[in-house]
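In: Okay, predicted coordinates and the sequence, questions at the end:
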Amino acid sequence: EEQPKLAGWASKPPSARRSPDLRQDRAHRTRELVLHSAAELFATRGFHGTSVQDVATAAGMTKGAVYFHFPSKDVLALAVVEEHYTRWPALLEAARARKLGPFDTVLTMVDGAAEAFAHDAVVQAGARLQIESNLIGLPLPTPYVGWIDLLTALLTEAADQGELRAGVDPAAAARTIVSAFFGMQHVSATLHQRADLLERWQEVRELVLLAIRA
Ligand SMILES: CCC[C@@H]1OCC(CO)=C1C(=O)O
């Protein structure tokens, strides 16, 4: 079913949904293969350092096959960024399915984001392409607002339920968590290729998130 629409977060584009038609299903699988091959390259070499030929070679396809799904490198980069945004509603649904309280939902969401940054090339590529957005000839979704809006809503619920330390402003806490998390993953990526990301996340989790819990 439709992923929940969250501010700034794309749900799976219709073309990315599986189809009963075998021919369409094959096209879907090819599209996914190109997308993931591109994500691996964008994540490690960046937009400028990746060519459509590189993506075709990594996917074991011709350049023409790639262009069939994505008419330009810009369109491919935008598709990778949009695909990475679909990861977050899935995390939220998983947290909601566990019927967690609002503060524990925040913890579960950001724990999931840390795992994604550590292991998911599509998320790693999405983050890098947003930073390199000036190189991309298409407008990208506005970054960070989806997370800030969601965490503001959840932390407001947490405050209403007495789960937040007195005097903590939910919106300020949401902005601080997103900034601290994104900065943490960027420092880990720059210094250690994200090898220490989950340990660094535990420090941010303790010093920023647990520090504002009632
Ligand atoms: C706190 C995760 C922030 C999230 O992860 C990568 C990225 C791309 O800019 C994001 C965004 O724009 O929301």
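Out: Received it, and whenever you're ready, just let me know what you need.
In: Helices along this structure, start to end?
Out: 22-45, 52-59, 63-69, 73-85, 87-97, 102-119, 121-131, 145-160, 170-192, 197-204 (DSSP state H).
In: so the last one versus helix 102-119, what angle?
Out: For helix 197-204 against helix 102-119, the angle by axes from the mean of the first three to the mean of the last three CA atoms, to 10 degrees is 150 degrees.
In: how about the CA coordinates for helix 197-204, as PDB?
Out: Written as PDB, here are the backbone C-alpha positions of helix 197-204 (Å, rounded to 0.1, in the frame of the first residue of the first chain):
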ATOM      1  CA  LEU A 197      29.800   5.200  12.300                       C
ATOM      2  CA  LEU A 198      27.700   3.000  14.600                       C
ATOM      3  CA  GLU A 199      30.100   3.700  17.600                       C
ATOM      4  CA  ARG A 200      30.000   7.500  16.900                       C
ATOM      5  CA  TRP A 201      26.200   7.200  16.600                       C
ATOM      6  CA  GLN A 202      26.000   5.700  20.100                       C
ATOM      7  CA  GLU A 203      27.800   8.700  21.500                       C
ATOM      8  CA  VAL A 204      25.400  11.200  19.800                       C
END
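In: Is it positioned near the ligand?
Out: No - figure legend: helix 197-204 not in contact with the ligand (CB under 6 Å from any ligand atom); closest approach 10.8 Å. (Glycine included, C-beta is placed from N, CA and C.)
In: Report all helices and strands that that helix contacts.
Out: In terms of contacts (3 or more CB pairs under 8 Å, 6 or more residues apart in numbering; DSSP states H and E), helix 197-204 is packed against helix 102-119, helix 170-192.
In: other SSEs contacting the shortest one?
Out: I take that to be helix 102-119. Taking 3+ CB pairs under 8 Å, 6+ apart as the contact cut, helix 102-119 packs with helix 87-97, helix 121-131, helix 145-160, helix 170-192, helix 197-204.
In: Can you give me the buried ones in the shortest one?
Out: Buried positions in helix 197-204, judged by neighbour count with 16 or more other CB atoms under 10 Å: L197, L198, R200, W201, V204.
In: Name the residues that touch that helix?
Out: Outside helix 197-204, the residues within contact range by CB atoms under 8 Å, 6 or more residues apart in numbering are 110-111, 114-115, 117-118, 180-181, 184-185, 187-189.
In: Could you turn the buried ones of those residues into a ChimeraX selection?
Out: Typed into ChimeraX, the line below selects the buried ones among the contacts of helix 197-204, using 16+ other CB under 10 Å:
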select :110,111,114,117,118,180,181,184,185,188,189
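In: check the contacts of helix 197-204 against the ligand, which are close?
Out: F181.
In: So which of the helices and strands packed on helix 102-119 is nearest D54?
Out: helix 121-131 (13.3 Å; CB to CB).
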